[in-house]
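Undergrad: What would the 3D arrangement of this be:
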Amino acid sequence: MLKSKTFLKKTRAGGVMKIVREHYLRDDIGCGAPGCAACGGAHEGPVLEPQPLDPASSLCPQPHYLLPDTNVLLHQIDVLEDPAIRNVIVLQTVLQEVRNRSAPVYKRIRDLTSNQEKHFYTFTNEHHRETYIEQKQGENSNDRNDRAIRVAAKWYNEHLKKMSAENELQVILITNDRKNKEKAIEEGIPAFTCEEYVKSLTANPELIDRLACLSEEGNEIESGKIIFSEHLPLSKLQQGIKSGTYLQGTFRASRENYLEATVWVHGDAEENKEIILQGLKNLNRAIHEDIVAVELLPKNQWVAPSSVVLQDEGQNEDDVEKEEETERILKTAVNEKMLKPTGRVVGIIKRNWRPYCGMLSKSDIKESRRHLFTPAEKRIPRIRIETRQASALEGRRIIVAIDGWPRNSRYPNGHFVKNLGEVGDKETETEVLLLEHDVPHQPFSQAVLSFLPKMPWSITESDMKNREDLRHLCVCSVDPPGCTDIDDALHCRELENGNLEVGVHIADVSHFIRPGNALDQESARRGTTVYLCEKRIDMVPELLSSNLCSLRCNVDRLAFSCIWEMNHNAEILKTRFTKSAINSKASLTYAEAQMRIDSATMNDDITISLRGLNKLAKILKKRRIEKGALTLSSPEVRFHMDSETHDPIDLQTKELRETNSMVEEFMLLANISVAKKIHEEFSEHALLRKHPAPPPSNYEILVKAAKSKNLEVKTDTAKALADSLDQADSATFPYLNTLLRILATRCMMQAVYFCSGMDNDFHHYGLASPIYTHFTSPIRRYADIIVHRLLAVAIGADCTYPELTDKHKLADLCKNLNFRHKMAQYAQRASVAFHTQLFFKSKGIVSEEAYILFVKKNAIVVLIPKYGLEGTVFFEEKDKPKPRLIYDDEIPSLKIENTVFHIFDKVKVKIMLDSSNLQHQKIRMSLVEPQIPGISIPINTSNMDISEPEKKKKKLEK
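TA: Numbers count the residues shown, from 1 in each chain. Modelled structure (predicted):
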C-alpha cells in the first residue's frame, strides 16, 4: 500500500517546486512474539520470549512485554541496560527520535537490540499498515509521535489476544509524560511511569538506584535556600553572544582548587581568550568540559589566579557560609599585572556530562538513603545520589551519572549506574583509569573482526602489484625488550658508486585496513594504542598488531619503504618511496644492537649495517641540534614486576642508549621526507603535525628559576633556548641541567595534528623543522594510516577515496586524534602513579633526596630523581598550628619561619602511602631536611640511599 505526501517548496530563484514523498505501508511486518500465527514468523533478528516470566512485578503479575516511549529511552537507558529488564519493544518512531536527539544513547540502544539475551525487538510501526498514522491538522510532531506510540501499544495488546484464547500476554506502555499516560489509560492501554514500574519489581530493589531523578523540584533540599542564580534560556544566550554581551567557551575546572575555573573562549579574538572564574556563585553549576556563556565582570572585580591548593573536604553538604569564608582566602593582594579577565557563568549552552567513576561517601545519618558520591576526577564536583545499598557499596569503585543540578542544591543530583569492584584491586583500578580517560577498551566486535584476513596468510601475486620485492635486503628492527608490535625496520648498504643506501621500512597497515569499513572506523575511533604499566589497549586487533603487520624476523611482511641515497656526510642525494615486501633478518633490542655496534669481533652484514646507520645518525643529530632542535628531559619510570603477583618490586628510571637515538633519527628523517612529499601532492589536505612555539609568558618560571641559580636562559628562539640549556652547567650541582630541561618541558605547548588546508603555521618548534608528520607507527597511531594512504596515492600505489580529500572531514578526524592522544598520555601517567602507589605500599616509609620544581603559597612541589616521582609537600595541615609563610612570586620563593625555599633547592623528604582517603590514595611527602621546628619530621628510617642520579635524557613525544 502506498501513501504519498505532496507539498510545495519555494526555490531560491523564486519559483515553486512540487515535491512528492512516497511512504510504503506493509502488512507482513512481524510483531516479534514467537508462535504468533498471524505474523507467521516474519521476524528478523532477535525476538521476544514466548512467555516472559521475569521480572515479577507487583503492578502487573501476568506475563508482559514493555513498550517505552522516547523520553524513557533517552533518560532511563541505565535501567533498560540492567540484566533484569528484558522483552522490550522498541518502536521505529521512538528509535528515530532518539537518533535525532542523542547519538550515544542511540548507539547503546542498537547494542541492546543486537544482544540476543536481552530480547529487545525493534518494531517498524511507521511502515505497518495498522499502526501508521498521519499527523492531524493543528497537531505538533511531538503529540503525533505520542499518539503513534499509543496506537502501536493498543494494536499490540489486541494482536496478542489473537494468539490463543488463554493467552494473558500484555504490552505495558512505560511513559513519564503525565498527559500521555492519562490518555493511554483512557484508551484501555496498561501504562505506568518508569518509577512506578521499577518500584514494583520487588525481586530487584537495586534497580531503583539506577533511576534517573528528573523532576528537579522533587529533589529540592529541605532548606530550599537558593544558592545559585538562574541560568538564562538558550535564546537569550544566543542574542547576548551575538551582541558581544556574553562570551561562549569551554569550562575547565581546576584540579588544584575546587572554587576556581577558567573558560577558554571560542573564536579568533586575541583579547579575553581565557577568562577566570572564582567562587561558587560565579561557577554557577557549570561542570568541567561544559560549553558555557560567561559575562565579563567590571575591571575593578578582576582577580588573579590563586596559588592556593584547595580540595573540597566538606562533609556537611550545604554549609555555604563556610564556602564563602574559604573564598575570601582566594582574594589575596596582588599587583595589577597579575589580574586576569574575570567573569561569571550566566548559562549553559551544552552539557558535556558522562558517567563518572568514584566512590560513595556514606552519610553520617544512619538510616539515610541520600549520600554524596566523590568522583575520582578532582575537577568534577561531588554528586548527591539516593541508594539503599550504601553499606554494600562502601569501599568500592562505582559509576554514577548526573541527572541535573537545581539552583538550591550545593551539589548536582545523580543516580547509581554500576559497581566496578573493590578499591585498590588492580583490575578495578585499571578499569577506572580507562573509563575516566575515555579510552575505548571493549573487545573488538565481530563486525570489526570480520574484515581481518583469513589465516593462514601469505603474500600473493596480487599483493605484489605496485610493490617492490626487497626481501633480499639485510633489514633488521631495533625495539624495546618484549615489543610485539614492531612498526619499523631499517637497512643500510654501500652502493657501487660509493654512496650509502638507507631504508626505513614501515609496516603496511593500510593494506589490511581499507577505508570506511568497520575495522577502519573502529581504528579511527580509538586513534592510538594505549600503553599502561602491564597492559596494552590495541588500536587494531591482535592478529594485525602482533602478527601480520608486525615486522618480525624471518617472515615475509608487507611494508611501505622510504629509501634515501646519502653520501658519507649524511646528505640526502635522492629520496624515493615505494610499497614493498621485506624479510627482516633480525629483531634486536636496543641493548643487543648496541652490543653488536661496540663488539670488536662481529662483522656480519647486520652489524655492518647497524654501524653505518649509527654513524649517519650521529651526524644527523648533530646537524638537527645545530638548527635549534631541543633536547628536553622528563623522568621516565620503569617497573620491575614480580613474575607471580605482577606487583611492582622495583622502580628505576629508564636508561637510554645510543641505539635509541639511532632509530629515532631515522624515524624523524622519514617523517619529514614523507611530510614534504604529501604536502607537495596535496597542499590542501595533507595530515601534518605541528608543535607551536610557546608564548613568552610560559617561560617566566624557567627564566626566574635559572636566575635564582645565577644562570641566564634565553628563550627568544628555540635555538637560543637549546644553546642556553647546553651552557647551563654547574660544577657543584651536576643534576641542575636535567632539572632545567624537565622544567623547560613543562613550558612547552602540546604538539597537534592538523590539516594543511585549514592552517598556515606548519612549524615544529621542538624539532626545529618547517614541516613534520607521523608516518612511522601505523600499528599504534591512526594518523600514520591516513599519511600512508595519502603517500600511496601520491606515488600511484593505491587509489583515493572522497573522505581523504575532504579537508573538513580531515580536520574533524585530527580533532579526535588530538583528544585520544592527550587522553592516552594522561592514562599512562595515571597507570604509573597507581603502580608507584603499589610499590610504596609494599616498601613502607622511605626517605629520599628531592629537588624543588615549583614553590606555591602553602606548599612546595618536589621531584625525587631516584624514582622519577613528583609530589607536593604541604606546610599547612588541618588541626595543626599554622606556620608563618611568606610567598614571593617574583623570585619565586617561600619563606617558612626562618628558612627560605627556592626552585631547584635540594631537600630531603619522607615518602609514604596515605590511605586515609581510600578514593584518592596518594603518596604523601613530608619534609625531613632542612629541619624546621614544628614542620620537619625526625628521621627514623634506616633505608637511606643518597646517590647523585646520573644525567639522563629522554626524547620528546614528537
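Undergrad: Other residues contacting stretch 508-521?
TA: With contacts defined as C-beta atoms under 8 Å, 6 or more residues apart in numbering, stretch 508-521 is touched by 445, 447-453, 463, 523, 540-541, 544, 548-549, 557-560, 579-580, 778-779, 784-785, 788-789, 792, 798, 801, 803-804. Any C-beta I mention is one placed from the backbone N, CA and C, and that applies to glycine too.
Undergrad: mind exporting that stretch as CSV, just the C-alpha atoms?
TA: The C-alpha coordinates for stretch 508-521 follow below in CSV (Å, rounded to 0.1, in the frame of the first residue of the first chain):
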residue,chain,number,x,y,z
ASP,A,508,52.0,-1.6,5.6
VAL,A,509,48.9,-1.4,7.8
SER,A,510,46.8,0.4,5.2
HIS,A,511,47.0,-2.7,3.0
PHE,A,512,44.9,-4.6,5.6
ILE,A,513,42.6,-1.7,6.8
ARG,A,514,40.6,-0.5,3.9
PRO,A,515,38.8,2.9,4.0
GLY,A,516,35.3,3.1,5.5
ASN,A,517,34.9,-0.5,6.7
ALA,A,518,34.1,-1.4,10.3
LEU,A,519,37.7,-2.1,11.1
ASP,A,520,38.8,1.3,9.8
GLN,A,521,36.0,3.1,11.7
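Undergrad: Could you pull out the buried residues of it?
TA: By 16 or more other C-beta atoms under 10 Å, the buried positions in stretch 508-521 come out as D508, V509, S510, H511, F512, I513, P515, L519, D520.
Undergrad: what does the model give the fourth one for pLDDT?
TA: At H511, the predicted lDDT confidence score is 91.
Undergrad: The chain should start at 9 in everything you say after this.
TA: All set: I'll call the first residue 9, so the last point we hit is now H519.
Undergrad: Could you check how far it is from C491?
TA: To C491, H519 is 21 Å away according to C-beta to C-beta, to the nearest Å.
Undergrad: Name the nearest of the buried residues of stretch 516-529 relative to R415.
TA: R415 lies nearest to D528 out of these, by C-beta to C-beta, at 46.5 Å.
Undergrad: Would you quantify the distance from the closest one to V311?
TA: Counting by C-beta to C-beta - D528 and V311 are separated by 49 Å.
Undergrad: among the contacts of stretch 516-529, which are in helices?
TA: Secondary structure from DSSP state H places A455, V456, L457, S531, D792, I793, H796, R797, A800 of the contacts of stretch 516-529 in helices.
Undergrad: can I get the residues you listed in JSON lines with neighbour count?
TA: Listed next are those as JSON lines, based on neighbours: other C-beta atoms under 10 Å:
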{"residue": "A455", "neighbour count": "13"}
{"residue": "V456", "neighbour count": "18"}
{"residue": "L457", "neighbour count": "14"}
{"residue": "S531", "neighbour count": "25"}
{"residue": "D792", "neighbour count": "26"}
{"residue": "I793", "neighbour count": "25"}
{"residue": "H796", "neighbour count": "25"}
{"residue": "R797", "neighbour count": "23"}
{"residue": "A800", "neighbour count": "20"}
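Undergrad: pLDDT and distance to E573 for the residues you listed - can I get that in JSON lines?
TA: Shown next, in JSON lines, are the ones in helices among the contacts of stretch 516-529 (pLDDT from 0 to 100; distance: C-beta to C-beta, whole Å):
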{"residue": "A455", "pLDDT": "84", "distance to E573": "45"}
{"residue": "V456", "pLDDT": "88", "distance to E573": "41"}
{"residue": "L457", "pLDDT": "90", "distance to E573": "42"}
{"residue": "S531", "pLDDT": "93", "distance to E573": "34"}
{"residue": "D792", "pLDDT": "94", "distance to E573": "24"}
{"residue": "I793", "pLDDT": "94", "distance to E573": "28"}
{"residue": "H796", "pLDDT": "94", "distance to E573": "23"}
{"residue": "R797", "pLDDT": "93", "distance to E573": "26"}
{"residue": "A800", "pLDDT": "93", "distance to E573": "22"}
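Undergrad: Nearest to D495 among the residues you listed?
TA: So of the ones in helices among the contacts of stretch 516-529, ranked by how close each gets to D495 (C-beta to C-beta), first place is D792, at 8.2 Å.
Undergrad: Pretty sure that closest one sits against S785.
TA: Yes. At 5.4 Å, D792 and S785 qualify as touching, with contact defined as C-beta atoms under 8 Å.
Undergrad: just for the stretch 509-658 of the chain, where's the confidence low?
TA: 640-658 (pLDDT under 70).
Undergrad: That one: strands as residue ranges?
TA: Using DSSP state E, counting those that start in this stretch, the strands of the stretch 509-658 of the chain run over residues 538-540, 543-545, 564-574, 580-591, 594-597, 645-649, 656-661.
Undergrad: sorry, back to before: now the buried members of the contacts of stretch 516-529.
TA: 456, 460, 471, 531, 548-549, 552, 556-557, 565-568, 587-588, 786-787, 792-793, 796-797, 800, 806, 811-812.
Undergrad: Mind checking which of the buried residues of stretch 516-529 land in helices?
TA: L527, D528.
Undergrad: Check the offset of stretch 100-116 from the chain's centre.
TA: 24 Å (C-alpha atoms, centre = their mean, to the nearest Å).
Undergrad: Do me a favour and get the end-to-end distance for that stretch?
TA: 15 Å (C-alpha to C-alpha, to the nearest Å).
Undergrad: can you map out the strands along the stretch 159-308 of the chain?
TA: So, for the stretch 159-308 of the chain - with DSSP E, counting those that start in this stretch - the strands run 178-182, 199-200, 254-261, 268-273, 282-286, 299-304.
Undergrad: Any buried residues in stretch 564-581, and which?
TA: R565, L566, A567, F568, S569, C570, I571, W572, E573, M574, A578.
Undergrad: I'd like to know which of these is nearest to G429.
TA: R565 (40.2 Å).
Undergrad: Next secondary structure after the longest helix along the chain?
TA: What stands out as the longest helix in the chain, according to DSSP H, is helix 815-851. Helices and strands here follow DSSP states H and E; after helix 815-851, the next one along the chain is strand 854-863.
Undergrad: tilt between that following strand and helix 815-851?
TA: 140 degrees (axes from the mean of the first three to the mean of the last three C-alpha atoms, to 10 degrees).
Undergrad: And for whichever helix or strand comes after strand 854-863, what's in contact with it?
TA: As assigned by DSSP H and E, the chain's next helix or strand after strand 854-863 is strand 867-872. Contacts to strand 867-872, defined as C-beta under 8 Å, 6+ apart, come from residues 317, 643, 747, 750, 856-863, 877-883, 902, 909, 915, 917, 919, 933.
Undergrad: what about M920, which helix or strand?
TA: strand 914-922.
Undergrad: and the angle from that strand to strand 867-872?
TA: Going by the same axes, to 10 degrees, strand 914-922 makes 90 degrees with strand 867-872.
Undergrad: Measure how buried K233 is and give me the count.
TA: Around K233 there are 13 other residues, counting by other C-beta atoms under 10 Å.
Undergrad: Tell me the secondary structure of the nearest residue to it once chain neighbours are set aside, please.
TA: If the residues on either side of it in the chain are set aside, K233 comes closest to N416, at 5.9 Å by C-beta to C-beta, 6 or more residues apart in numbering. When classified by DSSP: H, G, I helix; E, B strand; the rest coil, N416 comes out as coil.
Undergrad: Neighbours of N416, how many?
TA: 16.
Undergrad: ok, it touching I235?
TA: Yes. Using C-beta under 8 Å, N416 is in contact with I235, at 6.0 Å.
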